[in-house]
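>>> What follows is a protein structure lacking sequence information:
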């Protein structure tokens, strides 16, 4: 449970209708197996002890007594296991029968949640046997001797880890206009368990899947959907065991209908809590049942321990993972960038744009976006002034790619060498040209920006910024040099996504000459080209200096999007990049990232405008309102603890 990871499971065991003893024996076997795998929360389907399809047999004392005896057997047999179980059975109270989910932990029955909405339509006639538990709240003593609360408003929290908190709704409850899970989530449930018996019809699985995903996203919760399977009666319906584990709208595990597959994975309750904390509108939705009390109950699954991870974390979290919809996603991102620029051009009345073209990835993407914006506005692409400014570090490869790209896209190409201007500047400030320090490098960057700004004044255009979000996070930009523009189209696009978008553009480009140029740009090492080449090749490779961008983008995503601590980011990076980077290398660049991120905030505090394309941005006006002089002492202290664990 360390770092907020809870191993959970949903299971559809073998079942015989109305054979409570057999069903319970299967559930006990499942519980024992799940506990061995580290599962802390296990959910079974609706009415799992009896079977859902007993119909009028539910009214028989023999079945009700048998179900209670089976419940006693289950709680005794699982008393030694460090998990909490959700099982289903009918419960009689004051002459009414309720379809309930019982929560069992360490040999105790903690509470019973009755189904609130009882279907009585189509193939479902539960109202013939069961009453709604929507308005029920009662202290009762079961035949097992357990004194419990019967209520749909129960919250179950782990004694050692209060953020591990779950609530329950049952099958049809989810299909209502206002499912109980909404209020359960607002009251503190981070996990929603749904013991269900949803029959299989043509097209229903897809609808059910979207329903679960949407409710999980709406409640910012993990949703465990445990569905009845093929052991149920097929007199009038068929059940397929369509199980799902969903976290904040994203499916972590899913069994296809009729697979009969149990699901085990880890959910991250701290990540969910962070998202609720970040979304201030979440708690403002607390309405409807304020006057009706919710009951909090504790359970115990043992001391907090490190949960073994099996779920996958993408090594490029900013890059769309759905390869089937690659064209749609890439077009969406490019259109957001282009729409932002088009609006700015319309508003200012500018019909020209100026862009510094280096032959690298960032300026290539910025130019492609600018071309798209001009097409959107039906402007002549000759109004895009692509300026190449060769100096000490420019190589033939990047220069030629810049020229071919500008010409291939139909833009106006200008070449303005800056070597003499930079040398004069060094002479003016008394800098030795042989000292290739930060002044040597930044002097070139600022000279280029000055040229772009003045060239834009000449033609009445806007300077288009090319820098990406990864560079801004690291402060890998010259203050008032490439750091500055009149509109930064790449400002919320991290380097890994820049590469993905250019790759997409190259793969779909019809012009073979332009396609070859784009592929060569993709193959060129990332470099600011501010130091002289060695044997005609790039001498200054960015990733050798500040570290691999795939690692920095990974760090950036989990730090800004989810608020993870350095130790949790380190743990996930070691797990995700196993076989690619060793722990020492990951630690080195994580330390670099944290150091630069805090020290370079002053550059991000005065960024030009630019469009947000994803969930993470470093804009000082929106997503990252961070003091430029905030201390990183707490982060450094945690990094020191990681370092000590490695040596």
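Arrived safely. Because the structure is a prediction, the values reported are computed rather than measured.

>>> Return the backbone torsion pair for residue 250.
Main-chain torsions, residue 250, degrees, to the nearest 10: phi -110, psi 130.

>>> same question, residue 7
phi -80, psi 120.

>>> Against residue 13, how distant is it?
Relative to residue 13, residue 7 is positioned 19 Å away (C-beta to C-beta, to the nearest Å). Where you see a C-beta, it was placed from the backbone N, CA and C, and this is true even at glycine.

>>> For stretch 203-219, list every residue counted as buried.
205, 208, 209, 211, 212, 213, 215, 216, 218, 219 (16 or more other C-beta atoms under 10 Å).

>>> taking these one by one, which sit in helices?
Members of the buried residues of stretch 203-219 lying in helices (criterion: DSSP state H): 205, 208, 209, 211, 212, 213, 215, 216, 218.

>>> Identify each buried residue in stretch 427-443, please.
Per 16+ other C-beta under 10 Å, stretch 427-443 contains these buried residues: 431, 440, 441, 442, 443.

>>> can you redo those residues as a markdown table with distance to residue 180, pLDDT and secondary structure?
Shown next, in a markdown table, are the buried residues of stretch 427-443 (distance: C-beta to C-beta, whole Å; pLDDT from 0 to 100; DSSP: H, G, I helix; E, B strand; the rest coil):
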| residue | distance to residue 180 | pLDDT | secondary structure |
| --- | --- | --- | --- |
| 431 | 70 | 97 | coil |
| 440 | 66 | 96 | helix |
| 441 | 61 | 95 | helix |
| 442 | 60 | 95 | helix |
| 443 | 65 | 97 | helix |
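
>>> of those, closest to residue 519?
residue 441 (28.5 Å; C-beta to C-beta).

>>> Looks like residue 28 contacts residue 77 (just checking).
Yes. Taking C-beta atoms under 8 Å as the contact criterion, residue 28 and residue 77 are neighbours in contact, 4.6 Å apart.

>>> can you list the residues that contact stretch 423-434?
439, 440, 443, 447 (C-beta atoms under 8 Å, 6 or more residues apart in numbering).

>>> what's the closest of these to residue 599?
Taking those together and measuring to residue 599 by C-beta to C-beta, the closest member is residue 439, at 18.7 Å.

>>> Tell me the secondary structure at the closest one.
Secondary structure state of residue 439, per DSSP: H, G, I helix; E, B strand; the rest coil, is helix.

>>> Not counting its neighbours along the chain, what's nearest it?
Leaving aside its chain neighbours, residue 439 sits nearest to residue 431 (5.4 Å; criterion: C-beta to C-beta, 6 or more residues apart in numbering).

>>> Quick one, grab the pLDDT at the closest residue to residue 483 other than its chain neighbours.
Excluding its sequence neighbours, the residue lying closest to residue 483 (C-beta to C-beta, 6+ apart) is residue 477, at 4.1 Å. Residue 477 carries a pLDDT score of 96 in this model.

>>> Count residues in the vicinity of the closest residue to residue 562 other than its chain neighbours, would you?
Once flanking residues are discounted, residue 562 sits nearest to residue 271: 5.1 Å by C-beta to C-beta, 6+ apart. For residue 271, the neighbour count with other C-beta atoms under 10 Å is 22.

>>> Just to check, residue 271 is in contact with residue 5?
No. The pair residue 271 / residue 5 is not scored as a contact, 9.2 Å apart, by C-beta under 8 Å.

>>> Now do the same contact list for residue 522.
361, 499, 502, 503, 506.

>>> out of the residues you listed, who's nearest residue 239?
Set against residue 239, the nearest of the contacts of residue 522 by C-beta to C-beta is residue 503 (44.7 Å).

>>> contacting residues around the closest one?
By C-beta under 8 Å, 6+ apart, residue 503 lies in contact with residue 522.

>>> Could you grab the helix/strand/coil label for it?
For residue 503, the assignment made with three-state DSSP gives helix.

>>> quick one: it from residue 357, how far?
On the measure of C-beta to C-beta, residue 503 and residue 357 end up 19 Å apart.

>>> what ranges do the helices span in the stretch 101-250 of the chain?
Read by DSSP state H, counting those that start in this stretch, the stretch 101-250 of the chain holds these helices, from start to end of the chain: 180-186, 204-218.

>>> so what pLDDT did residue 290 get?
Looking at residue 290, its pLDDT stands at 48.

>>> quick one on the thing from earlier: mind giving me TSV with the helices of the stretch 101-250 of the chain and columns for mean pLDDT and distance to residue 230?
Shown next, in TSV, are the helices of the stretch 101-250 of the chain (pLDDT from 0 to 100; distance: least, C-beta to C-beta, whole Å):
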stretch	mean pLDDT	distance to residue 230
helix 180-186	96	27
helix 204-218	97	14
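
>>> Rebuild those helices as CSV, extending it with distance to residue 73.
What follows is those, written out as CSV (distance: least, C-beta to C-beta, whole Å):
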stretch, distance to residue 73
helix 180-186, 29
helix 204-218, 31
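
>>> how about the ones you listed, which one is nearest residue 583?
Nearest to residue 583 among these is helix 204-218 (33.1 Å), distances taken as C-beta to C-beta.

>>> and the closest one, what other elements does it pack with?
Here helix 204-218 touches strand 191-196, strand 222-227, strand 244-247, strand 250-254, going by 3 or more C-beta pairs under 8 Å, 6 or more residues apart in numbering; DSSP states H and E.
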